[in-house]
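# got a structure for you, letters missing:
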């Protein structure tokens, strides 16, 4: 196994430059118009210091306290009672139902105080409304505090069932962890408009078109699921780091990272400001549905900004990598067999690792949260994938090796799912250029691959959790093979 040093250095540099970072948390004496994590955390410490499941006395006390705070800020609060559920809908006096809606849920699970899930959302909403209301409640910005989210998104469903028609953009705040960078993992609505407003907001949370593709395959839902189905546009945020505290007694205010709160708050404030006054010109209902042939653009957070690329560009570059490949030689079939054989080996080995984890950690598959300190298993899965690449390289007998099948898969993915496959295209070009013997030209796509893959790896392991160890092991196998491509001695080496 040989790795070109310039390729490796370029990839590592890209990953280091684009690794997600958190802002410093603003203090209690931050300027009035600025979001302050310290001020938001004061609310979290008061409202999320004990479990508050729907229907409990503690939950009723918290809902009353939130209502009191919203009224103090000058908002009119519509208290909506549906059986045991209590939703709060806050608007500026005289405001219509259209506009930007900041959404969080007031209930928690019975097992923990829910400081992140969803005390974070409650504190962020109240602090955001305060920052926007220095001269009085801001028209066009509303708050929706739902009930019964943990019991099955009940409050959100009750609200949309009776809400009058209006153009609405939701900014939903959730958490499946207590720390780390914020992720905007799904949107709804007209992609160009959503991304334009995102750019105006200055939000530096992680946002990728791949996240929605992955999220749709997971058995997870938030209140945003209900709002999106009802025709709302919007954004869905979450924290993922520290997932072992999710739905446990460890989800406390003390374990909620102030820097994470600051990043979420800055994004919510920026997005609310970007959308206010721009929602539904003429007051029409947001019922836009893309035609069947419309493909949303691919986008990713790169060097502090969200870079948007049309889907056709991803498809074009992905397919073009095939034309850079040398012509297949008589060893191509053996190389393809080595690729799929190595992949099967990784799958079997990761399945055995999964079985060992289930045996060693009782409740591994039935916990609502990640196991405590999952990093050793993350590393084990990662190196299993790398080991599969090494095995495939040893058995491929040179020539095309295991690279051509991987490049072909990347090209197919780029054509059929460019919003997700953009992470594969730079690596495919790196491998194709090196197979041609053009190592110097491969440095740039390797750098771009590092830029894109660094944030991916920081997010997808905690997002999928160790209960998907086989998937986590296959990830490096499919995305990092280009690091180990063996350059051709001559451009014509693999031609007959």
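Structure's in. What do you need? The model shown is predicted, which means the values in this text are computed figures rather than measured ones.

# pull the number of nearby residues for the residue lying closest to residue 325 once chain neighbours are set aside.
Distances taken as C-beta to C-beta, 6 or more residues apart in numbering put residue 432 closest to residue 325, at 5.2 Å, once the chain neighbours are dropped. From N, CA and C alone the C-beta is placed, and that goes for glycine too. The tally of other residues near residue 432 (other C-beta atoms under 10 Å) stands at 27.

# ok but residue 432 is inside a helix, no?
Yes - per DSSP: H, G, I helix; E, B strand; the rest coil, residue 432 lies within a helix segment.

# so it is in contact with residue 321, correct?
Yes - Residue 432 is within contact range of residue 321, at 4.9 Å (criterion: C-beta atoms under 8 Å).

# okay, and the common contacts of the two?
residue 407 (C-beta atoms under 8 Å, 6 or more residues apart in numbering).

# per-residue pLDDT, the residue nearest to residue 325?
The model reports residue 432 with a pLDDT of 90.

# gap between it and residue 8?
18 Å (C-beta to C-beta, to the nearest Å).

# do residue 310 as well
According to C-beta to C-beta, residue 310 and residue 8 sit 31 Å apart.

# what does residue 477 give?
18 Å.

# neighbour count winner among those two?
Shown here are residue 477 and residue 8; by other C-beta under 10 Å, residue 477 has more neighbours (25 against 14).

# A helix includes residue 89, no?
No - assessed by three-state DSSP, residue 89 does not belong to a helix; its assignment is strand.

# isn't it up against residue 77?
Yes - judged on C-beta under 8 Å, residue 89 makes contact with residue 77 at a distance of 7.1 Å.

# what about these two, which has more around it?
residue 89 (20 against 17).

# mind listing the residues bridging to the more buried one?
The partner list for residue 89 in beta bridges (DSSP bridges) reads residue 78, residue 144.

# pLDDT wise, what is it at?
You'll see residue 89 listed with a pLDDT of 97.

# that one and residue 11: what is the separation?
Noted for residue 89: a distance of 49 Å to residue 11, by C-beta to C-beta.

# cool, residue 76 as well?
Residue 76 is 54 Å from residue 11, by C-beta to C-beta.

# next: residue 156.
42 Å.

# residue contacts, the nearest residue to residue 310 once chain neighbours are set aside?
Nearest residue to residue 310, sequence neighbours excluded (C-beta to C-beta, 6+ apart): residue 297, at 5.3 Å. If you count contacts by C-beta under 8 Å, 6+ apart, residue 297 has them with 191-192, 195, 209, 308-311, 419.

# which of those residues lies closest to residue 382?
residue 209 (23.6 Å; C-beta to C-beta).

# so that closest one makes contact with residue 417?
No - checked against C-beta under 8 Å, the pair residue 209 and residue 417 is beyond contact range at 9.7 Å.

# neighbour-wise, which of the two wins?
The neighbour count for residue 209 versus residue 417, taken as other C-beta under 10 Å, is higher for residue 209 (26 against 18).

# which ones are touching that one?
Counting by C-beta under 8 Å, 6+ apart, residue 209 has contacts 296-300, 419-420, 422.

# which member of those residues is positioned nearest residue 329?
Of all the contacts of residue 209, residue 329 sits closest to residue 422, with 30.2 Å by C-beta to C-beta.

# which strand or helix spans residue 445?
Per DSSP states H and E, residue 445 falls inside helix 443-464.

# repeat for residue 103
Assigned by DSSP H and E, residue 103 falls in strand 99-105.

# what about the following helix or strand past that strand, average pLDDT?
Next in sequence after strand 99-105, counting helices and strands by DSSP H and E, comes helix 120-132. For helix 120-132, the mean pLDDT works out to 97.

# distance between helix 120-132 and the chain's centre?
22 Å (C-alpha atoms, centre = their mean, to the nearest Å).

# could you check the angle strand 99-105 makes with that helix?
150 degrees (axes from the mean of the first three to the mean of the last three C-alpha atoms, to 10 degrees).

# for helix 120-132, packing partners?
Helix 120-132 is packed against helix 37-47, helix 57-72, strand 99-105, strand 141-146, strand 168-173, helix 258-275, with contacts defined by 3 or more C-beta pairs under 8 Å, 6 or more residues apart in numbering; DSSP states H and E.

# could you pull out the helices for the stretch 151-300 of the chain?
In the stretch 151-300 of the chain, the helices defined using DSSP state H, counting those that start in this stretch lie at 154-162, 191-201, 209-215, 223-229, 258-275.

# got the buried residues for the third one?
Translated: helix 209-215. Neighbour-count burial for helix 209-215, counted by 16 or more other C-beta atoms under 10 Å, picks out 209-212, 214-215.

# which pair in those residues spans the largest distance?
Largest pairwise distance in those, by C-beta to C-beta, is 11.1 Å, between 209 and 215.

# returning to what we had before: just the buried ones from the contacts of residue 297?
By neighbour count, with 16+ other C-beta under 10 Å, the contacts of residue 297 hold 191, 195, 209, 308-309, 311, 419 as buried.

# for the closest residue to residue 369 other than its chain neighbours, give me its contacts.
In space, residue 369 comes closest to residue 246 once its chain neighbours are excluded; the distance is 4.2 Å by C-beta to C-beta, 6+ apart. Residue 246 is in contact with 116-117, 175-178, 368-370, counting by C-beta under 8 Å, 6+ apart.

# residue 436: neighbour count?
20.

# show me the shaky parts of the stretch 251-400 of the chain.
Scanning the stretch 251-400 of the chain for pLDDT under 70 picks out 280-294, 331, 397-400.

# strands along that one, start to end?
298-302, 305-309 (DSSP state E, counting those that start in this stretch).

# so the first one versus helix 191-201, what angle?
On the basis of the same axes, to 10 degrees, strand 298-302 is oriented at 10 degrees to helix 191-201.

# strand 298-302 - contacts with which helices or strands?
Strand 298-302 is packed against strand 206-207, helix 209-215, strand 305-309, helix 418-421, helix 443-464, with contacts defined by 3+ C-beta pairs under 8 Å, 6+ apart.

# quick check: next helix or strand after the longest one?
Taking DSSP H and E as the definition, the helix or strand that follows helix 443-464 towards the C-terminus is helix 469-479.

# what sits up against that next one?
342-343, 346-347, 349-351, 353-354, 357, 377-378, 381-382, 384-386, 388-389, 406, 409, 423-424, 427, 453, 456-457, 460-461, 464, 466.
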